[in-house]
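# Next come a sequence and a model predicted from it.
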Amino acid sequence: MISRLYEMLSGEMQGVLITDPYSLRYYTGFCGGEGIALCTKEEAVLYVDSRYTEAAAGEVKDAASGFIVREYNHDAPLFDQLRDQLTKASAETVGFEDRSMVCSTFTKYHKELGCRLIPLEDALLIPRQIKTDAELAYLRKAEAIGDQAFSHILTVLKPGITELEVAAELEYTMKKCGAGGLSFDTIVASGIHSSMPHAIPTEKKLENGDFVTMDFGCIYKGYCSDMTRTVVIGKASAEQRKVYETVLQAQLAAMEGLRPGMQCREVDTIARDLIRDAGYGEYFGHGLGHSVGLYIHESPALNTRDETVLVPGMIETIEPGIYIPGFGGVRIEDMGVVTREGYESFATSRKELIEV
């Protein structure tokens with residue numbers, strides 16, 4: 001990964017500053033998040049405080065990232081060390097992560113470093129789009145943990161249990177199965193709440209006739225999973241079956257139609273046209289999917305605007321939905337990888353309409 005940073009130093013930049021926790025992990029191997037990395041032609045250094053010195057040294061070594069670890073403290077302040085490194089490299093222009101750095105932090109770095117800071121834009125993000133074999137293995141495992149959690153939750157769902165209890169059970173099960181954390185706050189939305197794509201779980205109790213949409217994911221070895229399943233408590237109505245089947249067919253069509261070489265927006269169109277032709281076009285407002293990796297929402301995204309060309313090794317979720325206010329909603333989501341032939345889903349959980 002460090003070779004990518006050195007390539008960037010051949011242009012107008014003499015330094016690359018890495019402050020985003022996900023970028024730190026990707027480029028240095030450091031998992032702690034609270035650190036600063038600076039790469040110049042002279043050296044690549046990860047700066048951490050005493051809480052992380054020992055762990056960082058081991059993680060950087062294990063990752064063979066090419067960075068060295070230095071501790072900053074009262075006797076050796078961070079900005080003093082950063083300035084020293086920039087001076088040794090005669091660095092007057094340094095790239096920074098404008099996509100994640102807040103304004104107050106930028107102001108501080110600009111003042112303390114005394115050099116020109118220029119936006120890196122997507123330069124550090126683009127290499128993360130194509131996953132290595134090791135990354136793919138972690139992502140598969142993370143999604144497999146989600147499959148286990150869904151299988152378990154089917155034995156728990158019943159009238160009277162609350163959305164919050166369902167969320168807690170999903171989260172506990174994922175951690176019990178080996179997850180190191182959650183990819184995002186679990187979504188459990190029942191009844192009319194399910195018409196809100198990102199509804200927050202409440203004390204509402206599940207009732208017969210409810211759609212229950214569950215969007216959940218975990219972190220395994222730093223890599224995220226993402227899965228959504230919708231079930232019905234009791235018996236589904238004819239309209240519920242129609243909505244569910246429309247979403248399912250849209251997802252399957254997109255998964256079967258995706259090919260490397262297509263633009264992201266073309267895959268979105270496959271599902272969106274099917275939902276529109278079924279009469280539900282106004283009820284599908286979000287994009288079809290997004291990439292996943294160290295962070296839950298990475299690029300590129302399957303939506304109406306993204307013209308990125310899909311290539312093997314890219315991870316994408318495929319998650320069409322229909323959300324009808326006052327009625328409820330359905331979303332079905334798998335996470336998988338673009339292959340030479342098309343698309344491979346990592347999820348194995350059943351997708352036919354389940355009545356519990």
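Good, I have the coordinates. Residues are numbered from 1 along each chain as shown.
# Pull the contacting residues for the residue most central in space within the chain.
Per CA atoms, centre = their mean, the C-alpha nearest to the average position across the chain is that of I296, at 1.3 Å. With contacts defined as CB atoms under 8 Å, 6 or more residues apart in numbering, the neighbours of I296 are 183-184, 217, 224, 226. Any C-beta I mention is one placed from the backbone N, CA and C, and that applies to glycine too.
# give me that answer again for 10 Å
With contacts defined as CB atoms under 10 Å, 6 or more residues apart in numbering, the neighbours of I296 are 182-184, 217, 219, 224-226, 290, 317.
# From the residues you listed, which land in strands?
Residues from the contacts of I296 lying in strands, with DSSP state E as the criterion: 182, 219, 224, 290, 317.
# And the nearest residue to D185 once chain neighbours are set aside, how close does it get to I187?
Setting aside the residues directly before and after it, D185 is nearest to I200 in space (CB to CB, 6 or more residues apart in numbering), at 7.6 Å. Counting by CB to CB, to the nearest Å, the separation of I200 from I187 is 8 Å.
# got any residues that touch both of those two?
Common contact partners of I200 and I187 (CB under 10 Å, 6+ apart): 163, 167, 193.
# who wins for neighbours among those residues?
E163 (26 neighbours; other CB atoms under 10 Å).
# thought it was touching M196?
No: here E163 does not reach M196: they are 11.7 Å apart, not a contact under CB atoms under 10 Å.
# what do these two both touch?
Each of 187, 189 lies in contact with both E163 and M196 under the rule CB under 10 Å, 6+ apart.
# sorry, back to before: could you report the distance from the residue nearest to D185 to L113?
In this structure, I200 and L113 are 41 Å apart, going by CB to CB.
# Look at these two and report which has more neighbours.
Using other CB under 10 Å as the criterion, I200 and L113 rank with L113 on top: 19 against 14.
# Identify the residues contacting the more buried one.
Applying CB under 10 Å, 6+ apart, the residues near L113 are 15, 17, 38, 79, 82-83, 86, 91, 94, 96.
# Pull the number of nearby residues for the nearest residue to E42 once chain neighbours are set aside.
Leaving out its chain neighbours, the residue that sits closest to E42 by CB to CB, 6+ apart is A89, at 4.5 Å. Applying other CB under 10 Å, we find 18 residues neighbouring A89.
# Show me where the protein has its helices.
Taking DSSP state H as the criterion, the chain carries its helices at 2-8, 21-28, 53-63, 78-88, 103-113, 133-153, 163-176, 238-257, 264-277.
# do you know which of those lies nearest V232?
Go through these one by one with CB to CB and the one that ends up closest to V232 is helix 238-257, at 6.0 Å.
# Distance from the chain centre to the closest one, please.
Helix 238-257 has its average C-alpha position 24 Å from the chain's average C-alpha position, going by CA atoms, centre = their mean, to the nearest Å.
# now could you export just the CA positions of it as PDB?
The C-alpha atoms that make up helix 238-257 are tabulated as PDB, following Å, rounded to 0.1, in the frame of the first residue of the first chain:
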ATOM      1  CA  ALA A 238     -52.000 -10.100  -0.900                       C
ATOM      2  CA  GLU A 239     -50.600  -6.600  -1.100                       C
ATOM      3  CA  GLN A 240     -47.700  -7.500   1.200                       C
ATOM      4  CA  ARG A 241     -46.900 -10.400  -1.000                       C
ATOM      5  CA  LYS A 242     -47.000  -8.300  -4.100                       C
ATOM      6  CA  VAL A 243     -44.700  -5.700  -2.700                       C
ATOM      7  CA  TYR A 244     -42.300  -8.300  -1.300                       C
ATOM      8  CA  GLU A 245     -42.200 -10.200  -4.600                       C
ATOM      9  CA  THR A 246     -41.500  -7.000  -6.600                       C
ATOM     10  CA  VAL A 247     -38.600  -6.100  -4.400                       C
ATOM     11  CA  LEU A 248     -37.200  -9.700  -4.600                       C
ATOM     12  CA  GLN A 249     -37.500  -9.800  -8.300                       C
ATOM     13  CA  ALA A 250     -35.800  -6.400  -8.600                       C
ATOM     14  CA  GLN A 251     -32.900  -7.600  -6.500                       C
ATOM     15  CA  LEU A 252     -32.500 -10.900  -8.400                       C
ATOM     16  CA  ALA A 253     -32.600  -9.100 -11.700                       C
ATOM     17  CA  ALA A 254     -29.900  -6.700 -10.700                       C
ATOM     18  CA  MET A 255     -27.700  -9.500  -9.300                       C
ATOM     19  CA  GLU A 256     -28.200 -11.500 -12.500                       C
ATOM     20  CA  GLY A 257     -27.700  -8.600 -14.800                       C
END
